[in-house]
Every structure is written in structure tokens, then in C-alpha cells.
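Peer 1: Attaching a predicted model along with its sequence, questions to come.
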Amino acid sequence: MCQDCKKPYYITTAIAYASGKPHIGNTYEIVLADSIARYKRAQGYDVFFQTGTDEHGQKIEEKAAAAGVTPKEFVDNAAAEIKRIWDLMNTSYDKFIRTTDEDHEAQVQKIFKKLYDQGDIYKGYYEGLYCTPCESFFTESQLVDGKCPDCGREVKPAKEEAYFFRMSKYAQRLIDYINEHPEFIQPVSRKNEMMNNFLLPGLQDLCVSRTTFSWGIPVTFDPKHVTYVWLDALTNYITGIGYDCDGNSTEQFAKLWPADLHLIGKDIIRFHTIYWPIFLMALDVPLPKQVFGHPWLLQGDGKMSKSKGNVLYADTLADFFGVDAVRYFVLHEMPFDNDGVISWELMVERMNSDLANILGNLVNRTISMTNKYFGGVVADKGAAEPVDEDLMAVVLEQVKKADAKMEQLRVADAMTEIFGIFRRCNKYIDETTPWTLAKDEEKKDRLSTVLYNLTEAITIGASLLESFMPETSAKILAQLNTEKRALSQMDTFGLYPSGNQVTDKPEILFARMDIKEVLEKVEAMQAAEAVPAASQEEAEEEGIDLEPKAEITYDDFAKLQFQVGQIIKCEAVPKSKKLLCSQVKIGSQTRQIISGIKAHYTPEEMVGKKVMVVTNLKPAKLAGMLSEGMILCAEDAEGNLALMTPEKEMPAGAEIC
């Protein structure tokens, strides 16, 4: 099908808040969106998949100040880390938008001015209870146990001049729209929550500017005000595809809007199904076709948080299990409208049962038997028996079931249907016993037909699997020496070319894991990365308590030599995710020092800095490179690092005493 003939499909995720590294619960959303985007492409849609980062606000301004960097430097680093995780998880987004992009900021300013000029925004005065992490004001009645209803943190009284949006002006219009478009908010439970808890009781006007911090998009006609985060963040869905409120929107915007699907977490459903559609109504822009509020991925004892010490990260899990296994876990373990749970024990169980046994062993056995009995040649000899018809019927039926589940965005259920193909194949092996057929020369054609049917069924299953586990799908199809089967061709069984030859060296797709060994590694990892149980807010107010080391004498301490060093050159260490190689001037000498700070500083940022160096450490090799000292850093409760630098100007080589 020609590209211009394809029907467009525009899907977005919520943009990730650039305040730190996303945990696996955050990462779930981008993987979920990717699976839907890939499946829509397989259905023949011209998909545009947008994600990105939300980079303004008080919380980021405070974090940047604490880290000793500018807010822009802070969000540049955070956005790079978020993008790294999204890329690691093999997500096929078409655009990564940042709310610090110049074109986005310019449009936000124009939108604010337009809404003000038409009377939808007015200046007022705000006094209420404010949650800094959520950047939201609440009334006393909205609090839960005296705390923020969204995140459960403390709120503080706040009072400031602000601009407000007249929400009540559009409330009834939105109520009517939701009633007339039952598909707009999904699942239905989210729709009922928004109607009963917010819309029907009556909407308060929304604060859309702030003056107590400066890290935001300035209001052009009143620059002491910066645009409130939700009016800034939500508009990314239209600015990212070329919307212009002066009427000069791009062809891309005309093609893609209204969005087919906004995929978001259930905790921000209010902003996307009340504030966002009302903003669009005020701009006279059509509403998105559907907003889907997915549930949370919980880690055993509840919602993931650094203060609980139960945070799991995608790159950590990928190191243990591999990227596709992690994709399988997070997609398969999430119900449609209830929270899902992820744990090390469950991941090992799924690895061993679903991935290693049901799928990996099936592919390996089929290819190995084909090599053993027929030199790798797969041929349909037409020696059919009734059991074959059942296999074929089940495989083709599972395709239809998976397709129907994906139409409802029931991704976990769709994956279960796909694995139903692999389960049926394993049962088919037990029913036909190829090893028994191989003992009878007269059964050779029957054996060949059985292996052909298995190869064909696996081809269909692996092709369907591409949307969810793309690398695994590609590996299976490569070993079967075939191409991905088009979804439109999956109503027919028997398209695998008879006489084709599979690989003679089948690869183990997933290795079984020992739960005891995994938990021992996890325990060691957690011990090495342990952080205080205090929340970030508590850490800022009360400091960080460390486990005391054994006391040393003054003579022991005097053995260490500390000097000021100036970094004159810095490069990333090849093939290392963590290490930077710095050339450090210390007096008249230049030393090479390897440091594990790549996640916190770019090589460009390092050059020119004066740092604290331990200069009498015995040289050691790190990643095959010689390190002649140690650059000292401070580390906070979240693992963020800051170089130790002299308060006043000091020459390179000055002794630190």
C-alpha cells in the first residue's frame, strides 16, 4: 500500500517530567504505546507516535539549584537520560518533543495571549494549599488525610497573583460531549470518576500562571508570570505536529489531528479529560478521539517510590533479563483496568515458564528436529491427519482473537492469545511425537508435514509477536529463514515456502534462571545502591545519615593527599555507559583519571572545571584504561552526583588540607 493511501493514526504518551530517571512504572507507558503503534503499522496505518519531556516548573528549578546547575542544564541531562531509556527499550517513536523547544514555547505564548484576548483567561489572586511535586493547588476538601490527593505528599499554604482560566464557561459543553461520545474516556471507570468527582459537582477556575518561580514560559504581556505547567505541557500534543493558533498550522497537523489516542497514566486522567479538552474547545480545535488512562505497575508492596526503596529501573531489569523479556513482563502483567504487580520472583517465573519453556524451547526443538531428520529442509509433503486441522484452526483463530483484543487496547490479553499459538504447538508436538515418527521410514512424509506445520504456526506467532517483542520476533523469523508475515495474510495457513531451509545453528532465545541466584544478585545490588529511607524532601530538610565506617587515626588520614585539579580534556570511555576519561592538570603534571559520572556530566561540561582530586592513589585500570587518581563527588539520596569544587579561585595543584 502506498504511504499516501494509508489512513493516519496519531498516538501520544504523556510527556515524562524531566526531574529524574524514569522507573519501570514510568517506562511501562512508552512500551505500551510502542506495542500499539507497531500493531497499528502492521494493520496498515500511517502511524505517527509522539513522546517527549515536560521540562518546566518549580520542582525542576529547585532540583537544578540543589545540583548547582542551571535549569536548562538540568533538563538537558534529564531529557537525555529519559530518551536513553526509551531507546534502550526499543520504542519506535517518531518524535521526541521537549517543552523547552523554541517552537513549542513560542506557540504556548501565542495560545496564552489568544485565550486572554478572548476573555477565557483573566488575572486574579490565588490562595490555597499547594503541592510542589505535582505543581497543583488544592482546597481543604480535596485533600486526602490532609495531604495531596494525587501523590500523598505534604501540601503548604501558598498565596500569589495569578491568571486563571474560566473552566466553568465550558463545563456543560464538555459534559455533553462526554455523554455523546462514550468512547472518549477509557476505561469506563475513568469516565465515571471524572464525571462524578469533578464535572458534575462543578468546576473551579484553573490557575494557569505562577510568579513564585521563574523556570517556565513567560507570559508575553506580563513577564513576571510564567505559564502554569498544564497549559504548557498539554499543548505539546498539537504544537509537536505543527499547530499554529494564528491559523498557519502545517499540513501535518491537518493530517494527524485530532489524535487517535492519548495514552496516559490514571493519575493524570483529570488533566487530560477535563483541562485539555476545555483548552481545545476554547481554541476551537477538535478534541482527541480517545484518552486511555492505563493503570499503574506496582512493585509488590505498592506504588514505586525512591523513599520506599522499591524502585526498579528498566536498564537494571534489561541487564538481568534482556530488553524483550522486560517488555514481555510489563505488557503481560498489566490488566486492562486494574493495577499490575511486578516482582523479581514473578519475572523469573515468567522467564522460565513462558519465555524459556513455552516459546524458546518450542522454537529450538522444531529447528533442531528439522536439522536432525531432514538436514534443515522444511517441506510440506501433504501427509495430513485430523490433528493438523485442529492446529491450523486454533492458530488462525488466535490471530483473530489477538486482533480483537488489540482493537480494545487489551494488550496483555492480546499477548495471551498469541502465546496460545505457541502452547498449541507444544501440544501438537506431544500429539504427533515426531521422535516416534522418525523411527519409521514409511512415516517420513508425515514427519516432514508435522515439522512444516510447526514451522508455519511459529512463523505466524512470531510475526504477531513483533509488536510486543520485536527483537525476539526478528530472531525467530531469521532462524526459520523467512520474512515477517503480513497481518492481512494471517487468515491463511500454509504460506511458508515448502523446501525452505532453516538455520543449522539454532540460538537459545531465553535461558532458564535460578531464582536463588537472581535474588542473591539483587540483594547485593540493592546493598551497593542503598539509599536512606527518607524522602527527597526530608533529605533536603534533615540531611543524610550514612552508616559510619570504622574510626581512623589522624596518621591514617594524613596518608591521603588531596589537591585541586583542573580538567583540560574529557572524553567518554568507549563502550561504557558510566565512565568518563579526564585529563587533569595538577601543578605542572597532567594525569588521566577515569570517573563513573557519565550519567551526571557530559564531557563538554567537565572541561575547565576545577575539582578535588585524591592524588596518591595507586594507579589502576578501569575498562582497560589507566586511572591515576580519583575525582571526588558528593551524592544525594537519589544518587545524583555533584563535583566537589573549591569555593574560591584556587590554582591547579593547590593542596586541600
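Peer 2: Alright, I've got the coordinates.
Peer 1: On the three-state scheme, the residue with the largest distance to the centre of the chain is what?
Peer 2: Distance to the chain centre peaks in the chain at Glu442, reaching 54.8 Å (criterion: C-alpha atoms, centre = their mean). When classified by DSSP: H, G, I helix; E, B strand; the rest coil, Glu442 comes out as helix.
Peer 1: what comes up buried for the strand or helix carrying Arg365?
Peer 2: In this structure, Arg365 sits in helix 362-374 according to DSSP states H and E. Buried residues in helix 362-374, counted by 16 or more other C-beta atoms under 10 Å: Leu362, Val363, Asn364, Arg365, Thr366, Ile367, Met369, Thr370, Asn371, Tyr373, Phe374. The way it works is simple: take the backbone N, C-alpha and C, and place the C-beta from them, glycine included.
Peer 1: Now stretch 642-653: buried residues?
Peer 2: Ala642, Leu643, Ala652, Gly653.
Peer 1: got it, and stretch 274-289?
Peer 2: Neighbour counts using 16+ other C-beta under 10 Å place 274-283, 285, 287-289 of stretch 274-289 among the buried residues.
Peer 1: circling back: let me know the distance separating the residue farthest from the centre of the chain from Asp430.
Peer 2: Using C-beta to C-beta, to the nearest Å, Glu442 is found at 22 Å from Asp430.
Peer 1: residue contacts, the closest residue to Gly499 other than its chain neighbours?
Peer 2: Closest residue in space to Gly499, ignoring its immediate chain neighbours: Ala379 at 5.5 Å, by C-beta to C-beta, 6 or more residues apart in numbering. Contacts for Ala379 (C-beta atoms under 8 Å, 6 or more residues apart in numbering) come out as Ser448, Tyr452, Ser498, Gly499.
Peer 1: Phe137 too?
Peer 2: The neighbourhood of Phe137, defined by C-beta under 8 Å, 6+ apart, consists of Tyr126, Gly128, Leu129, Tyr130, Ala158, Cys207.
Peer 1: and with 10 Å instead?
Peer 2: Residues in contact with Phe137 (C-beta atoms under 10 Å, 6 or more residues apart in numbering) are 126-131, 155, 158, 160, 162, 204, 206-207, 228.
Peer 1: Out of the residues you listed, which end up buried?
Peer 2: Buried among the contacts of Phe137 by 16+ other C-beta under 10 Å: Tyr126, Gly128, Leu129, Tyr130, Cys131, Val155, Ala158, Glu160, Ala162, Leu206, Cys207, Tyr228.
Peer 1: tell me the least confident of those?
Peer 2: Lowest pLDDT among the buried ones among the contacts of Phe137: Tyr126, with 79.
Peer 1: Wait, a strand at that residue?
Peer 2: Yes. Tyr126: assigned to a strand according to three-state DSSP.
Peer 1: tell me which residues form a beta bridge with it?
Peer 2: Under the criterion DSSP bridges, Tyr126 forms beta bridges with Glu160.
Peer 1: if I look at it, how far off is Lys147?
Peer 2: Distance check for Tyr126 against Lys147: by C-beta to C-beta, it reads 20 Å.
Peer 1: One more: Lys475?
Peer 2: Distance from Lys475 to Lys147, by C-beta to C-beta: 48 Å.
Peer 1: Then Tyr163?
Peer 2: 27 Å.
Peer 1: what do you get for Leu509?
Peer 2: 46 Å.
Peer 1: Just want to know which of those two has more residues nearby.
Peer 2: Between Leu509 and Lys147, counted using other C-beta atoms under 10 Å, the more crowded position is Leu509 (22 against 15).
Peer 1: OK, contacts around that one?
Peer 2: 322, 324-325, 355-356, 359-364, 469, 471-472, 475-476, 479.
Peer 1: Let's see the PyMOL selection covering just the buried ones among those residues.
Peer 2: Filtering those down to the buried ones (16+ other C-beta under 10 Å) takes a single PyMOL command:
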select buried, resi 322+324+325+355+356+359+360+361+362+363+364+469+472+475+476+479
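Peer 1: coming back round to it: take the contacts of Ala379 and keep only those in helices.
Peer 2: Among the contacts of Ala379, DSSP state H puts Ser448, Tyr452 in helices.
Peer 1: Just give me the neighbour total for Val263.
Peer 2: One correction, residue 263 is Leu, not Val. Around Leu263 there are 24 residues (other C-beta under 10 Å).
Peer 1: Could you say which helix or strand holds it?
Peer 2: strand 261-265.
Peer 1: can you list contacts of the following helix or strand past that strand?
Peer 2: Per DSSP H and E, the first helix or strand lying C-terminal to strand 261-265 is helix 269-270. Helix 269-270 has contacts (C-beta under 10 Å, 6+ apart) with 136, 149-150, 185, 190-191, 193-194, 197-199, 230, 262, 276, 291-294.
Peer 1: and those residues, which are buried?
Peer 2: Buried residues within those, counting neighbours by 16+ other C-beta under 10 Å: 136, 149-150, 185, 190-191, 193-194, 198-199, 230, 262, 276, 291-294.
Peer 1: Low-confidence regions, the chain specifically.
Peer 2: Residue ranges of the chain with pLDDT under 70: 1-4, 300-310, 529-551, 553-556, 637-638.
Peer 1: cutoff 50 now
Peer 2: Scanning the chain for pLDDT under 50 picks out the ranges 307-308, 531-542.
Peer 1: thinking again about what came up before, which helices and strands sit right next to the helix holding Arg365?
Peer 2: strand 377-378, helix 411-432, helix 434-437, helix 444-465, helix 470-479, strand 500-501 (3 or more C-beta pairs under 10 Å, 6 or more residues apart in numbering; DSSP states H and E).
Peer 1: between it and helix 411-432, how big is the angle?
Peer 2: 30 degrees (axes from the mean of the first three to the mean of the last three C-alpha atoms, to 10 degrees).
Peer 1: what angle do helix 362-374 and helix 470-479 make?
Peer 2: Using the same axes, to 10 degrees: helix 362-374 against helix 470-479 is 10 degrees.
Peer 1: And for Gln118, the neighbour number?
Peer 2: That count, for Gln118 with other C-beta under 10 Å as the rule, works out to 11.
Peer 1: Pretty sure it sits against Met281.
Peer 2: No. Using C-beta atoms under 10 Å, Gln118 is not in contact with Met281, being 11.8 Å away.
Peer 1: list residues touching both of those two?
Peer 2: Joint contacts of Gln118 and Met281 (C-beta under 10 Å, 6+ apart) do not exist.
Peer 1: Dump the helices and strands packed on helix 362-374 into TSV; add distance to Phe493 as well.
Peer 2: As requested, the helices and strands packed on helix 362-374 are exported to TSV (distance: least, C-beta to C-beta, whole Å):
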stretch	distance to Phe493
strand 377-378	14
helix 411-432	11
helix 434-437	19
helix 444-465	6
helix 470-479	17
strand 500-501	16
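Peer 1: and of these, who's closest to Pro386?
Peer 2: Of all the helices and strands packed on helix 362-374, helix 411-432 sits nearest to Pro386, with 10.3 Å by C-beta to C-beta.
Peer 1: If you count contacts, what does the closest one end up packed against?
Peer 2: Helix 411-432 packs on helix 24-42, helix 323-332, helix 362-374, helix 386-407, helix 444-465, going by 3+ C-beta pairs under 10 Å, 6+ apart.
Peer 1: roughly how far out does the first one sit from the chain middle?
Peer 2: For helix 24-42, the distance from its own C-alpha centre to the chain's C-alpha centre is 9 Å (C-alpha atoms, centre = their mean, to the nearest Å).
Peer 1: so it versus helix 386-407, what angle?
Peer 2: 110 degrees.
Peer 1: Kindly format the C-alpha coordinates of helix 24-42 as PDB.
Peer 2: Presented in PDB, the C-alpha positions along helix 24-42 are these (Å, rounded to 0.1, in the frame of the first residue of the first chain):
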ATOM      1  CA  ILE A  24       9.900   0.800  35.300                       C
ATOM      2  CA  GLY A  25       6.400   2.000  36.100                       C
ATOM      3  CA  ASN A  26       7.000   5.200  34.000                       C
ATOM      4  CA  THR A  27       8.700   3.100  31.300                       C
ATOM      5  CA  TYR A  28       5.600   0.800  31.100                       C
ATOM      6  CA  GLU A  29       3.700   3.600  29.300                       C
ATOM      7  CA  ILE A  30       6.200   4.100  26.500                       C
ATOM      8  CA  VAL A  31       6.400   0.300  25.900                       C
ATOM      9  CA  LEU A  32       2.600   0.000  25.900                       C
ATOM     10  CA  ALA A  33       2.300   2.900  23.400                       C
ATOM     11  CA  ASP A  34       5.000   1.300  21.300                       C
ATOM     12  CA  SER A  35       3.200  -2.000  21.100                       C
ATOM     13  CA  ILE A  36       0.000  -0.300  20.000                       C
ATOM     14  CA  ALA A  37       1.900   1.900  17.400                       C
ATOM     15  CA  ARG A  38       3.700  -1.200  16.000                       C
ATOM     16  CA  TYR A  39       0.400  -3.100  15.800                       C
ATOM     17  CA  LYS A  40      -1.300  -0.200  14.000                       C
ATOM     18  CA  ARG A  41       1.500  -0.100  11.500                       C
ATOM     19  CA  ALA A  42       1.000  -3.900  10.900                       C
END
